[in-house]
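J.: starting from these lines, generate the structure:
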Amino acid sequence: MSREAVKTTNAPTPPPGLSQAIRYNGMVYCSGNIGSDLNGTLVTGGVKEETRAALQHLSAVLEAAGSSLANAVKVNVFLTTMDDFTAMHEAYNEAFAHVDPKPVRTAVAVYQLPRGAKVEIECSAALNPSHKL
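T.: The predicted structure is shown next:
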C-alpha cells in the first residue's frame, strides 16, 4: 500500500517539505496546525481562538482525506504554557462534543511554536469505512 499526500485549500498550505496529511493503510496522519487564518496570520483572542482555528484546519484536512474529527484516534496538543490548558481544553471539548468515544490525547508544554503561536495540534484518524483507498 502506498502513502498518499492529502491537500486542501481549506487549511493553510504547509511550508515546503511538509504535507498537510498522509493517508496510509486506512489511517490519516495530520501535520500540526496552529491557530492561524488561511494566509498564516495568527488569529486574535488568545489560546481558545487559536485552538478553535487549529481544529477547524485539522477538520478540513481530515475531510479532504476522507475522514473527520469524529474518526480521530490520537490527538497531540502542544502549548507554550500549561497556564493555557483550561482555555485550550474548553475549545477542544467544543470540537469533540459529539464524538464518542473521545480520541486519546496528550497535551505538553513546549518552549515555543511557529509564528509565536500559543498552541499547535496534530492528530491521527481512521478513514471513513466507505472511503476507497
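
J.: which helix runs longest in this structure?
T.: If each helix of the chain is counted by residues according to DSSP state H, the longest one is helix 47-65.

J.: dump the residue contacts of the residue positioned nearest the centre of the chain.
T.: Closest residue to the average C-alpha location of the chain: Leu58 at 3.7 Å, with Cα atoms, centre = their mean. By Cβ atoms under 8 Å, 6 or more residues apart in numbering, the contact set of Leu58 is 11, 30, 33, 69, 121-123. (Each C-beta comes from the backbone N, C-alpha and C, glycine too.)

J.: which of these fall within helices?
T.: Secondary structure of the contacts of Leu58 is defined by DSSP H; no position falls in helices.

J.: quick one: low-confidence ranges for this structure?
T.: 1, 131-133 (pLDDT under 70).

J.: if we use 90, what do you get?
T.: In the predicted model, the chain carries pLDDT under 90 at residues 1-2, 14-15, 128-133.

J.: and the contacts of Leu58, which is closest to Thr80?
T.: For these, the residue nearest Thr80 by Cβ to Cβ is Ile121; the value is 13.0 Å.

J.: pretty sure that closest one contacts Gly32?
T.: Yes. Under the criterion of Cβ atoms under 8 Å, Ile121 is in contact with Gly32, at a separation of 6.5 Å.

J.: so these two - more neighbours on which side?
T.: The residue with more neighbours, out of Ile121 and Gly32 and counting by other Cβ atoms under 10 Å, is Ile121; that gives 26 against 20.
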